[in-house]
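Visitor: build the 3D model from these lines:
(one chain, ligands or ions: 1)
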Amino acid sequence: MTGVNEIRSTFVEFFEKNGHEHVASSSLVPRNDPTLMFTSAGMVQFKNVFTGKEKRPYTRATTAQKCVRAGGKHNDLDNVGYTARHHTFFEMLGNFSFGDYFKEQAIRYAWEFVTKVISLPKDRLLITVHPDDAEARQLWKKIAGIGDDRIIDIADNIWAAGPTGPCGYCSELFFDQGEAISGGPPGSPDEDGDRYLEFWNLVFMQFDQVDEATRVDLPRPSIDTGMGLERITAILQGVPSNYDIDLFRALIAASEDATGVKAAGPNQASHRVIADHLRSTSFLIAEGVLPSNEGRGYVLRRIMRRGMRHAQLLGAKEPLLHRLVPSLVRQMGETYPELVRAQQLIGETLRLEETKFRQTLQRGMHLLDEATSGLGRGATLSGDVAFKLYDTFGFPLDLTQDALKPRGMAVDTTTFDAAMQRQKAEARRAWKGSGEAATETVWFEIKENVGATEFLGYEAHAAEGIVRGLFKNGSEVAALGSGDTGSIVVNQTPFYGESGGQVGDTGVIRSASGALFRVTDTAKKLGDLIVHNGIVESGSFMPNDAVELSVDHLRRSAIRANHSATHLLHEALRQVLGTHVAQKGSLVDPDRLRFDFSHTMPISADDIARIEDLANAQVLLDTPVETRLMNLDDARNIGAMALFGEKYGDEVRVVAMGARANERANRAWSVELCGGTHVARTGEIGVVRIVSETGSSAGVRRIEALTAHGARAYLATQDARVRELSSVLRTRPDDVVDRVKAMVEQTKALEKQLADAKRSIALSGPAQTNGAASPMDEVRTIGKVRYLSRLVKGLDPKDLRSLVDEGKKQVGSGIVAIVGVTEDGKAGLAIGVTSDLMGSYSAVDLVRVGAEALGGKGGGGRPDMAQAGGADGSKAPAALAAIEAELGR
Ligand code: SER
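Guide: Below you'll find the predicted structure:
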């Protein structure tokens, strides 16, 4: 039992046997502790369990927890490579009691494990306690049977994970590695030597540090212990340094192989740095942290670049770190399957960063050599040079410091900070002159003061954050009170700010004191400041409040499905219509997606069906959706679709989904540059349904589509409609269409029959005189001509002509006048003159007389047939009388 993997499981099994729940390691990015950059101890995931805020179904737990100590309160980065014990990434073994057992039992378990399970010799063990914790001293004496001389008071023995939260006295276990190694016992002047090695810390959690000035008792005293896995392994393997344990030996061997340089002499530190940094960067990337210039992403970048400089020191001619990933996966992939899942992403991200950084590393080192050439040990490098290295060559400050370490030099950080401030002031002046300033200044200022918001929403829909700014009516305010409409800016959030066509998230923000802010919309300002807009429903919010942010995640799921479906449809459109299809606009909200693209013609129903089929085939293949950070050229090379004319940074987020064409294809079905949030697997889209296809502007078509629940609801409604129709039509759903077609034909035939019937009725039988006194519907002779007049009700004006033609046949030679009155009381008039009379009478003139009597306007036509319309039906008899009078003149 000596390998890292066995030691890890021996610890966990011991505590499981003693009633502890084996809980999986939590993420390295803490969601429940906004004061922490990374998970730095086993207790971080249990912070709210200790304070009683969160309940779990167990009161004892054991974990092997991934930890990163780089950036933030716990920062070991500077020491890594130069000491036997420091790491940026390590594993912490722990046992925890949440108000179950306390000091005595914790000491019993620790002593049993150390002396019985892993059998460390008792006489090599030393204990430290806090001077005020006499109880702990007593218990150690009783349980371990050791004397006061082996129990040392240390005033620093109080442990807390951060500035606030649970804390308590602690008691540490030390192992004496023997005289061969220099160093004194804890508390002695030469305690920093390696002889006495601290390997296990038992924290007796008793207090909750609410803020700087207030410390209250925890509801129930609890236990948090942490044992460094690498340290205990070094002790058990009898090696002087953590870097000599089996796991590190394997990683360092891989780095020796890849560089052809032995890990000895001055090169040893570089191999250690590389092995250590390989672990922290790979685990961070596996958890979705990607290199950037802000927040966690910047810490990752700093670690990566520090490692890359050491690769270069070893003479590596090509990017190195990515080549060591398989060896890490072999060592740790079984315990941490996330490494296996993300292996490709880790490799690509490391390779990209190293390729890019190598371009300036050499030149930057050259500048550094020149700037220090005249300087001796103990000298200080000007902060201006360090700033130039930072600004122009991408050297994080700690990389420059690390490079100077072997030369015994340091950086003047005061002038470095001043140079940084000057650059900010410059940016501010440029901003003020940019014209954008008027409305956005408030956002510029907050971003300058507190930095960009870190977006956690690719991975999480709930997280804790710290209030960094409160806003009302466009100005920063000292508080937001109940009923206030305003905005909140925090340090980190899972809320997506509207951008790239995807709408902003909604949800709630709660403070520890129970205040509630309803987020009705989330916006993105100045690229990476996320602003939560909404209303305070109760309580009030102040800067620095710790808050819990929860996105309405059903709504977000719907948005994600719609966004991923947009990518699938984009590719399907290109395959069916042609590669001229390019995105012209897009809207992704929870209810639907809208996609505008370049294409001139309406899309046929067959093509719509093919597009839907292609997209749905990818949904059903249920492949994982993969996201990577790439440089823009690489992204273009693999055919990622980008928006023409859009400005991108040199690093872009690339979202790939759908099956590869074959094993060797390096391109997934759809590959797009995108900052939005997506489903984890295409299957979550459920189904894609295009519901409309229209023209949006010249040369641009628009489709709208639904997915998942929205599509299902739509299809259910359509289905219900067909069922209702079939019941009304008394036919089977399958026959509805034939039935309706038949009915349409039948209706046409009936309409025609009806029109014919109306016409023939209109010209025969008694006239409908509408109660008028004037004689009508007789063929009478007025003066020298025969005259047929008629008033017909319920006649469509368009039928007047054919009635007049009919009338002309009846009179043979003469004048025909018909007034039709529609159901809604409008009159139309038509006059016909038989051809033999055309020299003496004009239908156009006669119509004018009639139209005047009707109170309408003019009318017109030809001498043999003229018409007028749109007049008052009640005057119809008067019109016929007026025409008769005209003929009699
Ligand atoms: N939280 C304590 C530590 O990190 C014990 O787990 O040392």
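Visitor: where do the helices sit along the stretch 51-200 of the chain?
Guide: Taking DSSP state H, counting those that start in this stretch, the helices of the stretch 51-200 of the chain run over residues 103-112, 134-144.
Visitor: winner for burial among those helices?
Guide: Neighbour counts (mean count of other C-beta atoms under 10 Å) averaged over each of these peak at helix 103-112, with a mean of 19. Where you see a C-beta, it was placed from the backbone N, CA and C, and this is true even at glycine.
Visitor: and it, what does it pack onto?
Guide: Contacts defined by 3 or more C-beta pairs under 8 Å, 6 or more residues apart in numbering; DSSP states H and E place helix 103-112 against strand 89-97, helix 134-144, strand 196-211, strand 214-228.
Visitor: what strands line up against the third one, and which way round?
Guide: Which is strand 196-211. strand 165-176 (antiparallel), strand 214-228 (antiparallel) (DSSP bridges).
Visitor: switch the ones you listed over to a markdown table; also include mean neighbour count.
Guide: Below are the strands paired with strand 196-211 laid out as a markdown table (neighbours: other C-beta atoms under 10 Å):
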| stretch | mean neighbour count |
| --- | --- |
| strand 165-176 | 23 |
| strand 214-228 | 19 |
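Visitor: which residue does this structure bring closest to the ligand?
Guide: Using C-beta to the nearest ligand atom, the closest approach of the chain to the ligand is made by residue 226 at 2.3 Å.
Visitor: wait, what's in contact with that residue?
Guide: Residues counted as contacts of residue 226 (C-beta atoms under 8 Å, 6 or more residues apart in numbering) are 41, 42, 43, 92, 93, 94, 200, 201, 203.
Visitor: show me the contacts for the last one.
Guide: This points to residue 203. 43, 159, 167, 168, 169, 170, 223, 224, 225, 226.
Visitor: how close does the fourth one sit to residue 257?
Guide: By that I understand residue 168. Distance of residue 168 to residue 257, computed by C-beta to C-beta, to the nearest Å: 46 Å.
Visitor: nearest to residue 848, of the helices of the stretch 51-200 of the chain?
Guide: helix 103-112 (112.5 Å; C-beta to C-beta).
Visitor: let me know whether the closest one sits next to the ligand.
Guide: No. Judged by C-beta under 6 Å from any ligand atom, helix 103-112 and the ligand are separated, with a smallest distance of 10.9 Å.
Visitor: circling back to that earlier point, same list (the helices of the stretch 51-200 of the chain) but as TSV, adding mean pLDDT.
Guide: Formatted as TSV, the helices of the stretch 51-200 of the chain follow (pLDDT from 0 to 100):
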stretch	mean pLDDT
helix 103-112	98
helix 134-144	96
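Visitor: got CSV for these, with distance to residue 446 too?
Guide: Converted to CSV, these look like this (distance: least, C-beta to C-beta, whole Å):
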stretch, distance to residue 446
helix 103-112, 45
helix 134-144, 47
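Visitor: if we can go back for a sec, dump the strands paired with strand 196-211 to TSV, plus mean pLDDT.
Guide: As requested, the strands paired with strand 196-211 are exported to TSV (pLDDT from 0 to 100):
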stretch	mean pLDDT
strand 165-176	93
strand 214-228	92
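Visitor: show me the contacts for residue 827.
Guide: Residue 827 makes contact with 819, 820, 821, 854, 856, 869, 871, 872, 873, 875, 876, 879, according to C-beta under 8 Å, 6+ apart.
Visitor: among these, who's most crowded?
Guide: In terms of neighbours by other C-beta atoms under 10 Å, the contacts of residue 827 top out with residue 819 at 31 neighbours.
Visitor: check which element follows the helix or strand containing that residue along the chain.
Guide: Under the criterion of DSSP states H and E, residue 819 resides in strand 815-821. Counting by DSSP H and E, the element after strand 815-821 in chain order, helix or strand, is strand 826-833.
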